[in-house]
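Trainee: Here is the input, now give the coordinates:
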Amino acid sequence: MIIESSAPTRVDLAGGTIDIPPLFLFHEGAATVNFAVSLMARCRIETRNDDKIVLESIDRGVSFETSFEHFHELKNEPRLELLAKLVYFFKPATGFNMITESEAPAGAGLAGSSTLNIACIGALNHLVGNRYAPERFIPIAAAVECQVIKVPTGYQDYYSAQYGGVSAIHFAPDGMHREGLAIDTDTLQKRVVVCYTGEPRNSGTNNWEITKRHIDGDKELFDIFEGVRDSSLAIREALLANEWEKVGELLRKAHPHRKRLSPNITTPQMDLLIDKAYANGAIAAKVCGAGGGGCIAFFCEENERENVEKALAEEEGAEVLNWKLCNDGLVVNEVSAEAV
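Mentor: Just a heads-up that it's a prediction; the model follows:
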């Protein structure tokens, strides 16, 4: 049996960090807004006729082999830890090779690990006979990733990976709800530049420290997250109304507000790229993910995307990413050996 799966990464427009439990419970109406992009995470599983399990990450250049005799060791295996813990969770009954690959740059802040998590869950679930319904994938992904990073993880990234498209994720005491946003996606693509800074993300925001400070009653943090919530809801409304100038204005105002969470959200290299983009037609900069490196999404003036891309490409280390909006989320297929 050969199983192939893929899932899209994402650009987060608004609401980052507020999606970590229990933070959203303290801010009524908490929401995030993001859109899936065509930088995919992929997983391929091929069953074997022996008891060997071989895990390999192409982009990380790491692989290792084990067997069912040592299956219990996957629980605490440090090599390819996420993959090992997922295999341990699903406990397949046959040997297999599992190969993964991510098209997003390392540490890009585009939810590469969460996206790979969903892609692997889709493939492994198929391997074990579709043991879990798709609505269970996101809770499983969050639980296993929490075991890996050892602190609570945010939820928005799993939704973009599983469902694709443009989304608002709403958080409330009775659960989480994904709202697909029917917007003018052609305009979104024409006005957004995604640039990898050349610096892998290095925990610009320590989300666990922020979570603890919030729970301990930090009034300043509470007010910041009230603003994060309000910005997310306002950007959602502007997108649905196709009010693109307002989208740009809201994103520009959100950047300094979000920097109040941590001065390390941007690096000197990122600040240089932001200044360069603003001088060449960008309206707003949105640091992707936690910041401290990785990618920046730039919202541009109408017809100025090409100028912004050209200016950024001139900067040493920067890479303008080629992306398209990805309307499809997780895809899992069983492939015949003859078709390979």
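Trainee: Name the SS class of the residue nearest to residue 272 when sequence neighbours are not counted, please.
Mentor: Closest residue in space to residue 272, ignoring its immediate chain neighbours: residue 315 at 6.9 Å, by C-beta to C-beta, 6 or more residues apart in numbering. Every C-beta, even on glycine, is put in place using the N, C-alpha and C of the backbone. Counting by DSSP: H, G, I helix; E, B strand; the rest coil, the backbone at residue 315 sits in coil.
Trainee: who are the neighbours in contact with residue 315?
Mentor: 272-273, 276 (C-beta atoms under 8 Å, 6 or more residues apart in numbering).
Trainee: The stretch 201-340 of the chain: strands as residue ranges?
Mentor: Ranges of strands in the stretch 201-340 of the chain, per DSSP state E, counting those that start in this stretch, are 282-287, 295-300, 319-320, 331-335.
Trainee: What subset of the contacts of residue 315 is buried?
Mentor: 273, 276 (16 or more other C-beta atoms under 10 Å).
Trainee: Could I get the contacts of residue 315 in a markdown table, plus columns for pLDDT and distance to residue 246?
Mentor: Below are those laid out as a markdown table (pLDDT from 0 to 100; distance: C-beta to C-beta, whole Å):
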| residue | pLDDT | distance to residue 246 |
| --- | --- | --- |
| 272 | 96 | 28 |
| 273 | 97 | 24 |
| 276 | 97 | 24 |
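Trainee: can you tell me which of the contacts of residue 315 lies nearest to residue 127?
Mentor: The nearest member of those to residue 127, counting by C-beta to C-beta, is residue 273 at 42.2 Å.
Trainee: before we move on, the earlier item: and the contacts of residue 315, which is closest to residue 34?
Mentor: Once C-beta to C-beta is applied, the member of those that ends up nearest residue 34 is residue 273, at 21.0 Å.
Trainee: my guess is that closest one contacts residue 193, does it?
Mentor: No - judged on C-beta atoms under 8 Å, residue 273 makes no contact with residue 193 at a distance of 10.4 Å.
Trainee: Centre-most residue in the chain?
Mentor: Taking C-alpha atoms, centre = their mean, the centroid of the chain lies closest to residue 111, which sits 2.1 Å from it.
Trainee: tell me the phi and psi of that one?
Mentor: With angles defined as degrees, to the nearest 10, residue 111 sits at phi 70, psi 40.
Trainee: close enough to count as contact, it and residue 9?
Mentor: Yes - counting by C-beta under 8 Å, residue 111 touches residue 9, with 5.4 Å between them.
Trainee: Common neighbours of these two, please.
Mentor: Common neighbours of residue 111 and residue 9 (C-beta under 8 Å, 6+ apart) are 160-161.
Trainee: Just give the number of residues close to residue 325.
Mentor: Per other C-beta atoms under 10 Å, the neighbour tally for residue 325 reads 19.
Trainee: what number of residues lie near the closest residue to it other than its chain neighbours?
Mentor: Of all residues not flanking residue 325 in the chain, residue 185 sits nearest, at 5.1 Å (C-beta to C-beta, 6+ apart). Neighbours of residue 185 under the rule other C-beta under 10 Å: 16.
Trainee: Equivalent analysis for residue 331, please.
Mentor: Residues near residue 331, counting by other C-beta under 10 Å: 15.
Trainee: contacting residues for the residue nearest to it when sequence neighbours are not counted?
Mentor: Nearest residue to residue 331 in three dimensions, chain neighbours excluded: residue 6, at 5.3 Å (C-beta to C-beta, 6+ apart). Residue 6 is in contact with 40-43, 119, 330-331, counting by C-beta under 8 Å, 6+ apart.
Trainee: swap in residue 38?
Mentor: Residue 38 sits in contact with 8, 323-326, where contact means C-beta under 8 Å, 6+ apart.
Trainee: Then residue 116?
Mentor: 7, 41, 43, 82, 100, 102.
Trainee: Which ones among these lie within strands?
Mentor: Using DSSP state E, the members of these that fall within strands are 7, 41, 43, 100, 102.
Trainee: among the residues you listed, which two are most distant?
Mentor: 7 and 100 (11.1 Å).
Trainee: tell me, what's touching these two both at once?
Mentor: 41, 116, 119.
Trainee: quick one: average confidence on the helix or strand where the second one lies?
Mentor: It stands for residue 116. Element membership of residue 116, judged by DSSP states H and E, is helix 112-127. When pLDDT is averaged over helix 112-127, the result is 97.
Trainee: Just the helices from the stretch 201-340 of the chain, written as ranges.
Mentor: 207-215, 219-240, 244-259, 268-278, 305-313 (DSSP state H, counting those that start in this stretch).
Trainee: now the first one, how far from the chain's geometric center?
Mentor: Computed by C-alpha atoms, centre = their mean, to the nearest Å, the chain-centroid distance of helix 207-215 equals 20 Å.
Trainee: Going by neighbour count, which residues of that helix are buried?
Mentor: For helix 207-215, by 16+ other C-beta under 10 Å, it's 207, 210-211, 214.
Trainee: what's the answer for the last one, then?
Mentor: For helix 305-313, burial by neighbour count (16+ other C-beta under 10 Å) applies to 305, 307-309, 311-312.
Trainee: buried subset of the contacts of residue 6?
Mentor: 40-43, 119, 330.
Trainee: Mind putting the residues you listed into a markdown table with distance to residue 259?
Mentor: Shown next, in a markdown table, are the buried ones among the contacts of residue 6 (distance: C-beta to C-beta, whole Å):
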| residue | distance to residue 259 |
| --- | --- |
| 40 | 31 |
| 41 | 29 |
| 42 | 34 |
| 43 | 36 |
| 119 | 32 |
| 330 | 33 |
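Trainee: Cheers, nothing more for now.
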